[in-house]
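Chemist: Give me the fold of what follows.
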Amino acid sequence: FGAVSRRHLVTECQMDIRALSQTYERNGYIGGVPILSPEAVARHRASMEAAKKKTGSLHYKSKAHTILTSPLQVATDPTTLNIVKSMIGPDILLYNVTYIIKEANAPSHVSWHQDLTYWGLSHDDQVSMWLALTVADDISGCMRMVPGSHKHGRYDHETTEDESDVLLQGQTVRGIDEDKAVLCPLQPGEASFHHGWTLHASMPNRSNDRRIGLNAQYIALHMKQTKNDEDTVMLVRGEERHNNYGYDRPTEADLQPAALDHQRYFEALNRNKTGTS
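Modeler: So this is what the prediction gives:
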């Protein structure tokens, strides 16, 4: 997949993956994991901004890794995949990659929700990586997590009519004890990883810069889609044994016409799925 230059990445020896996995198992998320150097962050943001000028908004555009090389490189980085392996096992499917962007000084927020609620997946061996390309803090509207909430399983969600809610259906869990919520700030190049049942939300961006995150969603090989038979994935680690999905093609260059046509089809298919904050 054209791996990112190793000098732009934090090496695995600089982090204790076992400790990260234990924290993830306990809390349902980990934050502040260094993934990209400042130079790489600048390069990846520039790539996104250049693509945005050609295609329009990339916010929540599904399957970004099938049309742009930058998100593909980040999502398939070996160190990232080793962290994911410690959470869901050795055989890893890349389910989706998308940019989540809050414009500067905008009212957009994300209500309390769980990612897996409407995805239709058969199991919950799933983890989302949220990589910051700009500062994500209390001012710019970083994620808030409820530690341990992933152990509860699915919470009831209501569909709301809130135009400022980033979520497509405004799906909301009511009655959250805000005192139990923890901020998950990230500096550019850092990532968080959270479980699909972990309750999370985020506030509006009150900063003067966009809050840009790259969200990559990974699932275990044995998981099935129960709502349709059109879902596609990309095998990024391990060996395929189940053939539960169609397969996405890794892009070889940015914005190739055939890849864009493929992406538009799955954009329509994925409109009713949730994202992350």
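Chemist: where exactly do the strands run in the protein?
Modeler: 29-34, 92-102, 110-113, 126-132, 143-145, 182-184, 190-195, 200-202, 211-220, 232-237, 246-247 (DSSP state E).
Chemist: Can I get the ones you listed in a markdown table including distance to Arg18?
Modeler: The C-beta positions use only the backbone N, C-alpha and C, and glycine is treated the same way. Output for the strands of the chain, formatted as a markdown table (distance: least, C-beta to C-beta, whole Å):
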| stretch | distance to Arg18 |
| --- | --- |
| strand 29-34 | 12 |
| strand 92-102 | 18 |
| strand 110-113 | 30 |
| strand 126-132 | 16 |
| strand 143-145 | 21 |
| strand 182-184 | 21 |
| strand 190-195 | 14 |
| strand 200-202 | 24 |
| strand 211-220 | 19 |
| strand 232-237 | 18 |
| strand 246-247 | 31 |
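Chemist: I'd like the distance between the closest residue in space to Met203 that isn't next to it in sequence and His59.
Modeler: Of all residues not flanking Met203 in the chain, Gly141 sits nearest, at 4.8 Å (C-beta to C-beta, 6 or more residues apart in numbering). Separation of Gly141 from His59 (C-beta to C-beta, to the nearest Å): 14 Å.
Chemist: of these two, who's got more company?
Modeler: The residue with more neighbours, out of Gly141 and His59, is Gly141; 23 against 17, by other C-beta atoms under 10 Å.
Chemist: could you point out the longest helix in this protein?
Modeler: When the chain is parsed with DSSP state H, its longest helix is helix 38-55.
Chemist: In it, which residues are buried?
Modeler: For helix 38-55, a neighbour-count test (16 or more other C-beta atoms under 10 Å) marks Ala40, Val41, Arg43, His44, Arg45, Ser47, Met48, Ala51 as buried.
Chemist: so where's the stretch 1-150 of the chain shaky on pLDDT?
Modeler: Within the stretch 1-150 of the chain, the stretches with pLDDT under 70 are 1-14.
Chemist: where exactly do the helices run in the protein?
Modeler: Counting by DSSP H, the helices of the chain are 17-27, 38-55, 69-75, 78-88, 257-269.
Chemist: ranking these by burial, who's on top?
Modeler: Most buried of the helices of the chain, by mean neighbour count (mean count of other C-beta atoms under 10 Å): helix 69-75, with a mean of 24.
Chemist: which secondary structure elements does that helix contact?
Modeler: With contacts taken as 3 or more C-beta pairs under 8 Å, 6 or more residues apart in numbering; DSSP states H and E, helix 69-75 sits against helix 38-55, strand 92-102, strand 211-220.
Chemist: how close does Thr79 get to Met143?
Modeler: To Met143, Thr79 is 21 Å away according to C-beta to C-beta.
Chemist: Then Ser108?
Modeler: The value you get for Ser108 to Met143, if C-beta to C-beta is used, is 13 Å.
Chemist: So which residue is smack in the middle of the protein?
Modeler: In the chain, the centroid-proximal residue (C-alpha atoms, centre = their mean) is Asn215; its distance is 2.3 Å.
Chemist: From Ala19, how far out is it?
Modeler: 24 Å.
Chemist: what does Met143 give?
Modeler: 21 Å.
Chemist: now swap in Cys142 and tell me
Modeler: 22 Å.
Chemist: Please apply the same query to Val33.
Modeler: According to C-beta to C-beta, Val33 stands 11 Å off from Ala19.
Chemist: ditto for Leu93
Modeler: From Leu93 to Ala19 the distance is 25 Å (C-beta to C-beta).
Chemist: His123 too?
Modeler: His123 is 25 Å from Ala19, where distance means C-beta to C-beta.
Chemist: Then His242?
Modeler: Counting by C-beta to C-beta, the gap from His242 to Ala19 is 31 Å.
Chemist: quick one, what contacts Thr232?
Modeler: Lys63, Tyr245, Gly246, Tyr247, Asp248, Phe266 (C-beta atoms under 8 Å, 6 or more residues apart in numbering).
Chemist: Return the item of these having minimum pLDDT.
Modeler: The lowest pLDDT within these belongs to Phe266, with 77.
Chemist: Return the residues in contact with that residue.
Modeler: Shown in contact with Phe266 (C-beta under 8 Å, 6+ apart): Ser62, Lys63, Thr232.
Chemist: Thank you, goodbye.
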